[in-house]
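Peer 1: have a look at this prediction, sequence included:
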Amino acid sequence: MTPEKLQSIAFKWFETFNNKELEKLLSLYDEDAVHFSPKLKMYKPESNGFVTGKEALREWWKDAFERLPSLNYKVKSLTANGDRVFMEYIRTVTGEEDLLVAEVLDIREDKIIASRVYHG
């Protein structure tokens, strides 16, 4: 996959996430995608930070959008190569300190198959 195609998927990810368009966001993912996030581990300790599949992603993000209506990500940089996009962004939520985040999207056949979040 070309770096431009990978970046276009990443920019679509940011757009749908920031607009809270849950179903459009989920359409970017493979049915069996795996997602890791330290926030998941904090809010759902039994998950050990992982969710698998679109339904689990739907539940996680629906909850996040409801709990944090001002949640927004501001892109700092994107690097794409092979089948992976490395994203760096600022997580903003009203009343919370901004958080520097790095996230990796693994993409196969135009679908995100795995994502991993790292906090600064």
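Peer 2: Alright, I've got the coordinates.
Peer 1: from here on, contacts and neighbour counts on C-alpha atoms
Peer 2: OK.
Peer 1: off-centre distance for the longest helix along the chain?
Peer 2: When the chain is parsed with DSSP state H, its longest helix is helix 3-18. Per Cα atoms, centre = their mean, to the nearest Å, the displacement of helix 3-18 from the mean C-alpha position of its chain is 10 Å.
Peer 1: can you spell out which helices and strands pack onto it?
Peer 2: Helix 3-18 sits against helix 22-26, strand 72-81, strand 84-92, with contacts defined as 3 or more Cα pairs under 8 Å, 6 or more residues apart in numbering; DSSP states H and E.
Peer 1: try it again with 10 Å
Peer 2: Under the contact criterion of 3 or more Cα pairs under 10 Å, 6 or more residues apart in numbering; DSSP states H and E, helix 3-18 touches helix 22-26, helix 54-67, strand 72-81, strand 84-92, strand 99-108, strand 111-119.
Peer 1: report the angle between it and strand 84-92.
Peer 2: Our comparison of helix 3-18 with strand 84-92, counting by axes from the mean of the first three to the mean of the last three Cα atoms, to 10 degrees, yields an angle of 30 degrees.
Peer 1: now the phi/psi pair for the residue of the chain positioned farthest from its centre, please.
Peer 2: Outermost residue of the chain with respect to the C-alpha centroid, by Cα atoms, centre = their mean, is G95; its distance is 21.4 Å. As for G95, its main-chain torsions (degrees, to the nearest 10) stand at phi 90, psi 0.
Peer 1: got the contact list for it?
Peer 2: If a contact means Cα atoms under 10 Å, 6 or more residues apart in numbering, then G95 has S70 as its contacts.
Peer 1: buried set for the helix or strand of the chain with the lowest mean pLDDT?
Peer 2: Across the helices and strands of the chain, mean pLDDT, DSSP states H and E gives its lowest value to helix 38-43, namely a mean of 90. Judged by neighbour count using 16 or more other Cα atoms under 10 Å, the buried positions of helix 38-43 are P38, L40.
Peer 1: could you number the chain from 41 rather than 1 from now on?
Peer 2: That works, and once the first residue is 41, the last one we named lands at helix 78-83.
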